[in-house]
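Participant: here is my input, please return the structure:
(one chain, ligands or ions: 1)
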Amino acid sequence: MTINRRAFLGTSAALTAALATPMIARAQATPRVVVVGGGSGGATAARYIARDSAGAIDVTLIEPQRVYHTCYFGNLYLGGFVAYDDLGHGYQGLAANYGINVVHDWAVGVDRDAKTVTLASGASVPYDRLVLSPGIDFVDGSVQGWSVSAQGRMPHAYKGGTQVELLKAQIAAMPQGGTFAMIAPPNPYRCPPGPYERISMVAHHLRENNPTAKILLVDPKESFSKQGLFEDGWNRHYSGMITRIGPDMGGAVVEVDPTAMTVTIDGVVEKVDVCNVIPGQRAGQIAFAAGITDGNWAPVSAYDMTSKIDSNITVLGDAAAQGAMPKSGFSANSQAKVAANAIVAALTGSRAFPARYSNTCWSLLDTDDGIKVGATYEASAEGIVSIDSFVSQVGETADVRAATYRESLDWYEAITSDMFV
Ligand code: FAD
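Facilitator: Numbering: from 1, shown residues only. You can find the predicted model right below:
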């Protein structure tokens, strides 16, 4: 829903309602930045804008959850490598250490003319610059037979939090020799290696607890991130347990029945015990409400992550169409720092630096067997472009793989501190 000025002021009833609407307003003299979404992009942006402007910018962060559970390391939780509570991070540090006004509510509308964000509570929050980092929502009908109303039977577990707990409980309750199925998403989607790390972690759990169980990976894509590395790891650690059905075998023609717990692949019905459906994805709904999408994602300038449709709005992370960066927490965090620098410079006159971005995606195959892929990026008129890259190699020593895993643990500590402390 986009609320425009004409609709907003069109009737006297609306005007009366508007005048009665509570305004969340702070000191008017200082510029106001409102950040919607307190995840990898939004929490980082709020923290850096507040920190680097040292009180010269009034920062409000709108986020419905009181505790953000990272998707990253959610797969390691499924594998038994970390505890659920290790994934949760609160917003107290942002309020206490940086004076950020944290509002726990949903943003439901953006009036780009009036420069206000409407909250589910009915309150209206004015901004000079708006930052949207709402993550993803799912494309309706992308997997035949599945909708969000079926997520209790067939969880997506792709937004962090309770869905991941549910999936873990379902895997733990599988009968001996049962079948775990995953419907992998089409491109583009958040965390390109995420589904395949999840397969590795589920296989790890099953090998330890349910060694005759089977994993069915139904995939609409011809190929996937770090494919050679994943398949090498699956052969070494989980031989015979994992079957991938790609598009050549009907993996793109799939239908699920959450009541019967079946997966139908190119007309062949499989009964399964757990089914993790990861649907097709698009920008979080508030980007559509703001009217700044291309129908799927929000196009942005590679130089500062501002929307190509409204230069008062910055879009970060998964919701943005920015060019070559994968949709990852590392990417969102990196983009947030570039955007924060640009926003502080625009609003206070401080120095803006050229955009440089980086990303690494680590994945765990089995105990101490970590792999990674990453790149550094710069801005161009066409979008963000990669300037160099690296990837783990098949056949690396156990020491290299253990060191790669330890790097990922250090990264997790670093990014969550960079967002919340
Ligand atoms: P998010 O971090 O999802 O934050 C969005 C926030 O916005 C949420 O807190 C949500 O509550 C809030 N929100 C949404 N709509 C509204 C609204 N209308 N009003 C107010 N708030 C709203 N990335 C890595 O870098 N490394 C990894 O190892 C990694 N592993 C992953 C594993 C899995 C299984 C998955 C699913 C993802 C993984 N990712 C990883 C990807 C990473 O989680 C995302 O790319 C990243 O979180 C995107 O950041 P974001 O800010 O765009 O969205």
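
Participant: show me the shaky parts of this protein.
Facilitator: Residues of the chain meeting the criterion pLDDT under 70: 1-28.

Participant: go again with 50.
Facilitator: 1-27 (pLDDT under 50).

Participant: can you list the domain ranges for it.
Facilitator: According to automatic domain parsing, the chain comprises the domains 5-15+28-135+284-420, 144-277.

Participant: turn those domains into CSV, columns for mean neighbour count.
Facilitator: Using the backbone N, CA and C atoms, a C-beta is placed for each residue, glycine as well. As requested, those are exported to CSV (neighbours: other CB atoms under 10 Å):
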stretch, mean neighbour count
domain 5-15+28-135+284-420, 20
domain 144-277, 19
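
Participant: for the host helix or strand of Ser334, packing partners?
Facilitator: For Ser334, the host element (DSSP states H and E) is helix 329-348. Other helices and strands packing on helix 329-348, by 3 or more CB pairs under 8 Å, 6 or more residues apart in numbering; DSSP states H and E, are helix 40-53, strand 129-132, strand 313-315, strand 356-366, helix 398-420.

Participant: and these: which comes nearest Ser350?
Facilitator: Among these, helix 40-53 comes nearest to Ser350, with 7.5 Å by CB to CB.

Participant: adjacent strands (with direction) for whichever helix or strand comes after the closest one?
Facilitator: Moving toward the C-terminus from helix 40-53, the next helix or strand (DSSP H and E) is strand 58-62. Applying DSSP bridges, strand 58-62 is found paired with strand 32-36 (parallel), strand 101-103 (parallel).

Participant: to Ile286, which of these lies closest?
Facilitator: That would be strand 32-36 among these, by CB to CB, at 5.7 Å.

Participant: give me the distance between Pro326 and Ala375.
Facilitator: Distance, Pro326 to Ala375, by CB to CB, to the nearest Å: 9 Å.

Participant: pull up the overlap in contacts between these two.
Facilitator: Asn359 (CB atoms under 8 Å, 6 or more residues apart in numbering).

Participant: and the helices in the protein, which stretches?
Facilitator: In the chain, the helices defined using DSSP state H lie at 5-9, 12-20, 40-53, 74-79, 92-98, 162-172, 194-209, 227-237, 285-289, 329-348, 398-420.

Participant: let's check: the centremost residue of the protein is which one?
Facilitator: With distances taken as CA atoms, centre = their mean, Gly135 lies nearest the centre of the chain, 4.8 Å away.

Participant: wait, which of the domains of the chain is closest to the ligand?
Facilitator: With CB to the nearest ligand atom as the measure, domain 5-15+28-135+284-420 is the member of the domains of the chain nearest the ligand (1.9 Å).

Participant: starting at the chain centroid, how far to that closest one?
Facilitator: Distance of domain 5-15+28-135+284-420 from the chain centroid (CA atoms, centre = their mean, to the nearest Å) equals 9 Å.

Participant: near the ligand, which residues of the stretch 151-300 of the chain?
Facilitator: Within the stretch 151-300 of the chain, the positions near the ligand by CB under 6 Å from any ligand atom are 158, 190-191, 194, 198, 284, 286.

Participant: can I get these in CSV with distance to Leu316?
Facilitator: Formatted as CSV, those follow (distance: CB to CB, whole Å):
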residue, distance to Leu316
Tyr158, 18
Arg190, 13
Cys191, 15
Gly194, 19
Arg198, 24
Gly284, 11
Ile286, 12
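
Participant: and the two most separated of the residues you listed?
Facilitator: Arg198 and Ile286 (26.9 Å).

Participant: list the contacts of Ile171.
Facilitator: 78, 180, 202, 205-206, 274.

Participant: next one: Gly161
Facilitator: 65, 69.

Participant: that one and His69, how far apart?
Facilitator: 4 Å.

Participant: same question for Ala403.
Facilitator: Applying CB to CB to Ala403 and His69 gives a distance of 27 Å.
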